[in-house]
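Undergrad: okay, here's the prediction I keep looking at, along with the sequence it came from:
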Amino acid sequence: MTESLFLRNLWYFAMHGSFLKRGKLLSKEILGERIVFGRDENDIPFALKDNCPHRGVPLSNGWYDGKEIQCCYHGWKFDHTGTCTKIPALADEKFDCNKIKVFKYPCKEINGTVWIYIPRSKSQLQGAEERVPDLLIPAGKKFRFVEKVTMPANIDHSVIGLIDPAHVTFVHQSWYWRSAKKLKLKEKKFEPSELGFKMARHKPSSNSKGYSILKGETSTEINFQLPGNRFEHIRVGNHEIVSITCLTPINENETELNHIFYATFGFVKYLWWPLRYLGKQFIHQDLHVFRKLSKGLETKPTLMLIGEPDAQARWYHELKREWDLSQQNNTPFENPVKEKMLHWIT
């Protein structure tokens, strides 16, 4: 079986909720599909295929009054369910325009972030509610937005870069993180999780300065989940920090990276701007090296995955294949990852 680049029947991060304003439409490309987002009269996000079914003009180029979208070409109107409510030029009053539909994607706002379900078949949405992302924080709490960048690479290269431990030494050399002069042998226990694998809870490495400023007994658990989300949950005494990086394919050549952050420390609101600056700097270090990677991949070189530092990359491809097979054959997904201790030097 040829491995698919894009995985479907899964939820993808669309945007932080602050980007989606009431009375405004926002168009995005996700997995090569053009989608228009908005908020209905109850402030609930919705997502529709970004084409008028009449002549194909993007609905996002039309007008939205907070209740209905009107196409800019012939003025057809649609509500937030995608149902056509009016065809201005039609003289036949008996024609039921409500039968005309624009495809509506399952869409949810979770902890102040907007997620969209991309189905394999637009006529089969019954599995959408089964794997709604758990963002690890109480329902009433919201994530802060850190940064959004477009990686000049497909989802596979982007994910491997996200979960690769060996690049940290060379790409993220910073006074506040770690130095290439202080390499240490790492031994980490990994376990399978629902849609991926996790680095079991452990005490952070002593050569990671970013953790050293946290006071109290500190532990962290890092969890990777298909289709491309990395969750880091840090406990510091009675407090917790949740840092999530989400990769959403735009098309075959670009992937959007979004980073969101939550903490129970009261003082975070006073330090938020310097913290956000450091987070953005960290992400742009990755972006900088990915621009170099993009240039190198133009010649289509033969690539390789070597040893335990690349084990997570191999697991990712195995997980993708198993998910694809389960969706094609309509069989339960079986996680191929087994519990294992991995070793590398960073």
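TA: Done, it's in.

Undergrad: pretty sure residue 263 sits against residue 241.
TA: Yes - with contact defined as CB atoms under 8 Å, residue 263 reaches residue 241; the gap is 4.6 Å. Placement of C-beta: from N, CA and C, glycine included.

Undergrad: name the single longest helix found in this protein.
TA: In the chain, with assignment by DSSP state H, the single longest helix is helix 268-297.

Undergrad: run through the neighbouring helices and strands of that one.
TA: strand 144-151, helix 155-163, helix 168-171, strand 255-263 (3 or more CB pairs under 8 Å, 6 or more residues apart in numbering; DSSP states H and E).

Undergrad: may I have the third one exported as CSV, CA atoms only?
TA: Backbone C-alpha positions of helix 168-171 (Å, rounded to 0.1, in the frame of the first residue of the first chain) are rendered in CSV as follows:
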residue,chain,number,x,y,z
VAL,A,168,17.5,20.4,19.3
THR,A,169,21.2,20.6,20.0
PHE,A,170,22.0,22.4,16.7
VAL,A,171,18.9,24.4,15.9
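
Undergrad: show me what that helix is packed up against.
TA: Using 3+ CB pairs under 8 Å, 6+ apart, helix 168-171 sits against helix 268-297.

Undergrad: what's the next secondary structure element after the helix it packs on?
TA: helix 311-329 (DSSP states H and E).

Undergrad: mean confidence for that next one?
TA: If you average the pLDDT over helix 311-329, you get 97.

Undergrad: starting at the chain centroid, how far to the helix or strand just after it?
TA: Sequence order places strand 340-345 as the next helix or strand after helix 311-329, per DSSP H and E. What separates the centre of strand 340-345 from the centre of its chain is 26 Å, taken as CA atoms, centre = their mean, to the nearest Å.

Undergrad: packing partners of strand 340-345?
TA: strand 185-193, helix 311-329.

Undergrad: what number of residues lie near the residue nearest to residue 166 when sequence neighbours are not counted?
TA: Leaving aside its sequence neighbours, residue 166 sits nearest to residue 309 (CB to CB, 6 or more residues apart in numbering; 4.3 Å). The local packing of residue 309 (other CB atoms under 10 Å) involves 18 other residues.

Undergrad: distance of residue 309 relative to residue 230?
TA: 17 Å (CB to CB, to the nearest Å).

Undergrad: quick revisit: give me whichever of the helices and strands packed on strand 340-345 is most buried.
TA: Across the helices and strands packed on strand 340-345, the average number of neighbours (mean count of other CB atoms under 10 Å) peaks for helix 311-329, which reaches a mean of 17.

Undergrad: got the angle for that helix vs strand 185-193?
TA: 10 degrees (axes from the mean of the first three to the mean of the last three CA atoms, to 10 degrees).

Undergrad: so how far is helix 311-329 from its chain's centroid?
TA: Using CA atoms, centre = their mean, the offset of helix 311-329 from its chain centre is 18 Å.

Undergrad: what helices and strands are in contact with it?
TA: So helix 311-329, by 3+ CB pairs under 8 Å, 6+ apart, packs with helix 155-163, strand 196-202, strand 340-345.

Undergrad: how about the CA coordinates for stretch 71-78, as PDB?
TA: The C-alpha coordinates for stretch 71-78 follow below in PDB (Å, rounded to 0.1, in the frame of the first residue of the first chain):
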ATOM      1  CA  CYS A  71     -22.400  35.100  -3.000                       C
ATOM      2  CA  CYS A  72     -20.800  38.100  -4.800                       C
ATOM      3  CA  TYR A  73     -21.600  36.700  -8.300                       C
ATOM      4  CA  HIS A  74     -25.400  36.100  -8.400                       C
ATOM      5  CA  GLY A  75     -26.400  36.900  -4.900                       C
ATOM      6  CA  TRP A  76     -27.400  33.400  -3.800                       C
ATOM      7  CA  LYS A  77     -27.700  33.300   0.000                       C
ATOM      8  CA  PHE A  78     -26.700  30.500   2.400                       C
END
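
Undergrad: give the buried residues for that stretch.
TA: 71, 76, 77, 78 (16 or more other CB atoms under 10 Å).

Undergrad: direction included, what does the helix or strand harbouring residue 85 pair up with?
TA: For residue 85, the element it lies in under DSSP H and E is strand 84-86. Take DSSP bridges as the rule and strand 84-86 pairs in its sheet with strand 77-79 (antiparallel).

Undergrad: who are the contact partners of residue 288?
TA: residue 171 (CB atoms under 8 Å, 6 or more residues apart in numbering).

Undergrad: correct me if wrong: residue 318 contacts residue 337.
TA: Yes - at 7.1 Å, residue 318 counts as touching residue 337 under the criterion of CB under 8 Å.

Undergrad: anything in contact with each of those two?
TA: In contact with both residue 318 and residue 337: no residue, using CB under 8 Å, 6+ apart.
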